[in-house]
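Undergrad: Predicted model follows, preceded by the sequence.
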Amino acid sequence: MYRFSVHGDPGQRVAVIVIALILSFAALKTGADIFAPMTLAIVTGVMLAPITDFFERIGLSTGLAASTVLILGVSAIATLAILAEPVIWQIAEELPRIQYELRSIIAEFSNLVRGLQEINREVEEALGAVPSPTDDQSEGGGMPSITSALFMAPLVLAQALVFCGTLFFFLLTRKGMYAWLSLWIGTSDDTEEIQRRFTNAERLVARYFLAISTINAGLGAALGGVLLLIDLPGPFVWAFVAALLNFVLYVGPMTVVAGLLVAGIVAYDDLMVLAPPAIFLFLNMLEGQFVTPAFVGRHISVNPLLIFVSLVFWLWLWGPIGGIIAIPVLVIALALLDIFAVETPVTETPVTEPAV
């Protein structure tokens, strides 16, 4: 009888690895409601690990330190939600006017398309072609109803509980998890090296998140100030949106550009409609070319292709949550593989890492 062995033929090993990866991705896609908040909690825990270590150094127990970090984190999110409430209501008040302007633009574009279709039909009739029937009926879409939002509330609450529970227990047991994973991944001789990589991954991700948060806040403040000077309605709304969406590379800035273009069409005439997106593109270019490399490049330098592939994959897998965790997960993976080659001890400041 033929007995399958993954230790024999290299082709069999590759096939088993590919099948395992496909099944793993299918499981992650199917269980997104559970796995996405859990992964986001673990990534958040890695970012907050230095704060937990600080509380432990000043004398708090591990459980009390983890609880303190969780309470502070939830309080920060709640504070941000309270501060964002006026912004959200302002956006809601502006939606009818924006929808009206968009309908006008779409109607003009539709009339232009219909005119081109009529010209095409007349040319076809002149050439003896049989005109094809047209159907001008279209199904109109609408905003989600209040009933749909109410049905979504329990799912969101469950995901929030999964996030908080995973974050707390990760912060509580992460050192034991690192020790277990170090023994499971390598031999006893490799345990110390693997634990060093886990610690370096925590520090790199924490520094990355702190630097990016500072940069995005500065970008939002600069954008809000310039939009205030050109009298665009709701400049601080756009500042908040730009700072938040800039965490999602590529997709976030493109979304802000599209929104500012619509805002320009609503607020201005002539070429001034291009001023808001052009201002953001200029500020984003300065941030991407000079500010971010100056702050982040000293610690982390990653091939843009890897960033793009990671972002596309995680966005496809888990949507907005995937876009948030894409870069931290990539940095964690590269740090565990020792790609950044941090040679200094954990307690010292890392030197400049080479680009991947």
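TA: Nice, thanks for sending it over.

Undergrad: Going by C-alpha atoms from here, please, whenever you check contacts or count neighbours.
TA: OK.

Undergrad: which residues in this structure form helices?
TA: For the chain, helices defined by DSSP state H occupy the ranges 10-30, 32-57, 62-126, 146-185, 191-229, 235-245, 251-267, 275-286, 292-295, 304-318, 320-336.

Undergrad: could the ones you listed go into JSON lines alongside mean neighbour count and mean pLDDT?
TA: Converted to JSON lines, the helices of the chain look like this (neighbours: other C-alpha atoms under 10 Å; pLDDT from 0 to 100):
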{"stretch": "helix 10-30", "mean neighbour count": "13", "mean pLDDT": "83"}
{"stretch": "helix 32-57", "mean neighbour count": "20", "mean pLDDT": "88"}
{"stretch": "helix 62-126", "mean neighbour count": "14", "mean pLDDT": "73"}
{"stretch": "helix 146-185", "mean neighbour count": "15", "mean pLDDT": "80"}
{"stretch": "helix 191-229", "mean neighbour count": "19", "mean pLDDT": "86"}
{"stretch": "helix 235-245", "mean neighbour count": "21", "mean pLDDT": "85"}
{"stretch": "helix 251-267", "mean neighbour count": "18", "mean pLDDT": "85"}
{"stretch": "helix 275-286", "mean neighbour count": "18", "mean pLDDT": "92"}
{"stretch": "helix 292-295", "mean neighbour count": "15", "mean pLDDT": "72"}
{"stretch": "helix 304-318", "mean neighbour count": "16", "mean pLDDT": "84"}
{"stretch": "helix 320-336", "mean neighbour count": "21", "mean pLDDT": "83"}
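
Undergrad: how much space between residue 323 and residue 211?
TA: Relative to residue 211, residue 323 is positioned 18 Å away (criterion: C-alpha to C-alpha, to the nearest Å).

Undergrad: If you could redo that for residue 221, that was the one I meant.
TA: For residue 221, the distance to residue 211 equals 15 Å [C-alpha to C-alpha].

Undergrad: Can you tell me what sits against stretch 169-187?
TA: Residues external to stretch 169-187 that are found in contact with it (C-alpha atoms under 8 Å, 6 or more residues apart in numbering): 42, 45, 49, 52, 62-63, 66, 190-192, 194-195, 198.

Undergrad: give me that answer again for 6 Å
TA: Residues lying outside stretch 169-187 but in contact with it, judged by C-alpha atoms under 6 Å, 6 or more residues apart in numbering, are 63, 66, 191, 194.

Undergrad: Put the alpha carbons of it into CSV.
TA: Taking only C-alpha atoms (Å, rounded to 0.1, in the frame of the first residue of the first chain), the coordinates of stretch 169-187 have been written out as CSV:
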residue,chain,number,x,y,z
PHE,A,169,-5.6,38.2,27.5
PHE,A,170,-2.9,38.9,24.9
LEU,A,171,-1.4,41.6,27.1
LEU,A,172,-1.8,39.4,30.1
THR,A,173,-0.1,36.3,28.6
ARG,A,174,2.1,37.6,25.8
LYS,A,175,5.4,36.8,27.4
GLY,A,176,4.4,33.2,28.1
MET,A,177,3.1,32.9,24.5
TYR,A,178,6.4,34.2,23.2
ALA,A,179,8.3,31.7,25.3
TRP,A,180,6.1,28.8,24.2
LEU,A,181,6.3,29.9,20.5
SER,A,182,10.1,30.2,20.8
LEU,A,183,10.4,26.6,22.0
TRP,A,184,7.9,25.3,19.4
ILE,A,185,9.4,27.1,16.5
GLY,A,186,13.1,26.3,17.1
THR,A,187,15.3,24.3,19.4
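
Undergrad: dump the residue contacts of the nearest residue to residue 257 once chain neighbours are set aside.
TA: Taking C-alpha to C-alpha, 6 or more residues apart in numbering as the measure, residue 257 lies nearest to residue 277, with 5.0 Å between them; neighbours along the chain are not counted. For residue 277, the residues meeting the contact criterion (C-alpha under 6 Å, 6+ apart) are 257, 260-261.

Undergrad: Could you dump those residues into a markdown table with distance to residue 338 added?
TA: Written out in a markdown table, the entries for the contacts of residue 277 read as follows (distance: C-alpha to C-alpha, whole Å):
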| residue | distance to residue 338 |
| --- | --- |
| 257 | 37 |
| 260 | 41 |
| 261 | 43 |
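
Undergrad: Can you tell me which of the residues you listed is closest to residue 337?
TA: Of all the contacts of residue 277, the one with the least separation from residue 337 (C-alpha to C-alpha) is residue 257, at 36.2 Å.

Undergrad: any idea how far residue 273 is from that closest one?
TA: Noted for residue 257: a distance of 12 Å to residue 273, by C-alpha to C-alpha.

Undergrad: just residue 262 next, same as before
TA: Residue 262 is 8 Å from residue 273, where distance means C-alpha to C-alpha.

Undergrad: same deal with residue 219?
TA: Taking C-alpha to C-alpha as the measure, residue 219 falls 21 Å from residue 273.

Undergrad: for residue 182, same thing?
TA: For residue 182, the distance to residue 273 equals 56 Å [C-alpha to C-alpha].

Undergrad: got it, and residue 158?
TA: As judged by C-alpha to C-alpha, residue 158 and residue 273 stand 43 Å apart.
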